[in-house]
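> below is the sequence, then the predicted model.
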Amino acid sequence: MMNDKTFLRVAIEALRNYGLESAQLTRLGGASNTNFKVDAGDKSYVLRLHTSANHDRVGISSELAWLSNLQSDTTLVLPKAIVNFDGELVTGVPADRESETLCTLLSWIEGKIPPTVDALTDEQLAKVGSLMAQLHIHSRQFEPPKDFKRQIFDQAHFSERLEVLHAALSNTELDKTELNCLKLDANYIITHFAQLERRQDSFGIIHADFHSGNYLLCNKKVCIIDFDRCGFGFYLYDLALALMELGEQQRKAFLQGYETVTPLPTDYTKLKQVFLCLAYLDNLGFLVTNPEELSFVVGELPFAIEAFRNAVETLL
């Protein structure tokens, strides 16, 4: 595992490939990658060190290919990937004698991340909803190049999340009967989900990480950042991930903004609870791998059990 000193060394080495090795670096937060703000004169950038190893060079290049396509085809304000001296979007820097760290440089978008989700106004949430709708419209007509490779949010993905969650919680003092009920209900939902038809108007490349921590308030606009988790999935799933953290009135504002651009996906009302549970499962399965988040996940279990039971009842 790299320490802060190694992170800084890798960052400076990466910036040599852009002629920015003398720039000022400021460490940024990030749950997966290690990110730095790069200030060079009157220009600023984001340097991403892909330390999570979630994606290989092809996967990262595919993320940036979609981002570039969005910039060409829409008027959305998005980070722009910067090519290095070799004309490539991904730079490899030796981290030690046996491995390298993949790095990317993106343009900096000036703005503020909302301090909490409750700080967002209905007007801002409506703008976020319309932003997602524009991404979905673009996704329906996006034709990935032959070498395009991103993760798929499919049955295997959610089943793996469930196994990780169940295994971690089995080592706690939680009631095993309740835990097994959660697993049974989750498996029922995943099985139903796996039978859904993937149509052009319902399934495609999605951002898959819409939440208030990735919203940038830029003057009167709201921008979305961090496409690192993008992949192929149902548009309903993308919506569920965004709605998961919102209260009832906030959800209405978000959906109203979405519908000003395009109608909600088919079967939204019927399948809303199913996809909200899948989003819930995905989030808990991710958080439980962090020991510092275990107590939070344990505290969420009663709510998860109720949500999954209610979702199953909508399918019976």
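Arrived safely.
> now do the same for the closest residue to His211 other than its chain neighbours: its pLDDT.
Spatial nearest neighbour of His211, excluding adjacent residues (C-beta to C-beta, 6 or more residues apart in numbering): Glu245 at 5.7 Å. For every residue, glycine as well, the C-beta is placed using N, CA and C. Looking at Glu245, its pLDDT reads 96.
> what sits against Glu245?
117, 211-212 (C-beta atoms under 8 Å, 6 or more residues apart in numbering).
> quick check: PyMOL command selecting the buried ones in those.
To isolate the buried ones among those in PyMOL, judged by 16 or more other C-beta atoms under 10 Å, type:
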select buried, resi 211+212
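> my guess is Val274 contacts Phe193. True?
Yes. Between Val274 and Phe193 there is a contact under C-beta atoms under 8 Å: 6.3 Å.
> which residues in the stretch 1-150 of the chain form helices?
Ranges of helices in the stretch 1-150 of the chain, per DSSP state H, counting those that start in this stretch, are 4-16, 57-73, 122-141.
> would you mark the buried spots in the second one?
Of the residues in helix 57-73, those scored as buried under the neighbour-count criterion (16+ other C-beta under 10 Å) are 57, 59-67, 69-70.
> list of residues touching it?
50, 55, 76, 78-81, 89-90, 92, 102, 104, 135, 138, 142, 144-145, 147-151, 205, 227-228, 230.
> and if you look at the last one?
By C-beta under 8 Å, 6+ apart, the residues outside helix 122-141 that reach it are 69-70, 73-74, 76, 114, 120, 200-201, 204-207, 210, 215, 217, 221-224, 235, 238-239, 242, 246, 249-250, 253-262, 265.
> before we move on, what about stretch 200-207?
Stretch 200-207 is contacted from outside by 66, 132, 135-136, 139-140, 142, 144, 150, 153, 196, 224, 227, 229-238, 265-266, using C-beta under 8 Å, 6+ apart.
> take the helices of the stretch 1-150 of the chain and lay them out in TSV including mean pLDDT.
Formatted as TSV, the helices of the stretch 1-150 of the chain follow (pLDDT from 0 to 100):
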stretch	mean pLDDT
helix 4-16	91
helix 57-73	96
helix 122-141	98
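> dump the ones you listed to TSV, plus distance to Val38.
Output for the helices of the stretch 1-150 of the chain, formatted as TSV (distance: least, C-beta to C-beta, whole Å):
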stretch	distance to Val38
helix 4-16	7
helix 57-73	17
helix 122-141	26
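> low-scoring stretches of the stretch 101-250 of the chain, by residue?
Nowhere does the stretch 101-250 of the chain drop to pLDDT under 70.
> residues in contact with Asn310?
Gln273.
> looks to me like it is in a strand.
No. Per DSSP: H, G, I helix; E, B strand; the rest coil, Asn310 lies outside any strand segment and is helix.
> surely Lys176 is in contact with Leu169?
No. Counting by C-beta under 8 Å, Leu169 is not a contact partner of Lys176; they are 9.4 Å apart.
> who's more crowded, those two?
Leu169 (22 against 11; other C-beta atoms under 10 Å).
> ok, for that one, nearest residue in space, not its chain neighbours?
Leu179 (5.7 Å).
> what of Asp39?
Closest to Asp39 by C-beta to C-beta, 6+ apart is Gln24, at 4.4 Å.
> also Glu13?
Using C-beta to C-beta, 6+ apart, the closest residue to Glu13 is Val93 (4.7 Å).
> let me see the contact set for the one you found.
Contacts for Val93 were tallied using C-beta under 8 Å, 6+ apart; they are 10, 13-14, 100-101, 103.
> any idea how far Ala242 is from Leu67?
Per C-beta to C-beta, to the nearest Å, Ala242 is found 19 Å from Leu67.
> which residue ranges form the strands in this structure?
Per DSSP state E, the chain carries strands over the ranges 24-28, 34-40, 43-49, 81-82, 91-94, 100-107, 203-206, 215-218, 221-224, 231-234.
> closest one to Leu162 among the ones you listed?
Smallest distance to Leu162 across these (C-beta to C-beta): 16.5 Å, for strand 231-234.
> go ahead and name everything in contact with the closest one.
150-154, 196, 198, 202-206, 208, 265, 275.
> gap between Ser22 and Ala14?
Distance from Ser22 to Ala14, by C-beta to C-beta: 13 Å.
> of these two, which one has the most company?
Ala14 (25 against 9).
> surely that one meets Pro94?
No. With contact defined as C-beta under 8 Å, Ala14 does not count as touching Pro94 (10.6 Å).
> quick revisit: so how do I select the buried members of the contacts of helix 57-73 in PyMOL?
Entered in PyMOL, the line below selects the buried ones among these, by 16+ other C-beta under 10 Å:
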select buried, resi 50+55+78+79+81+89+90+102+104+135+138+142+148+149+150+205+227+228+230
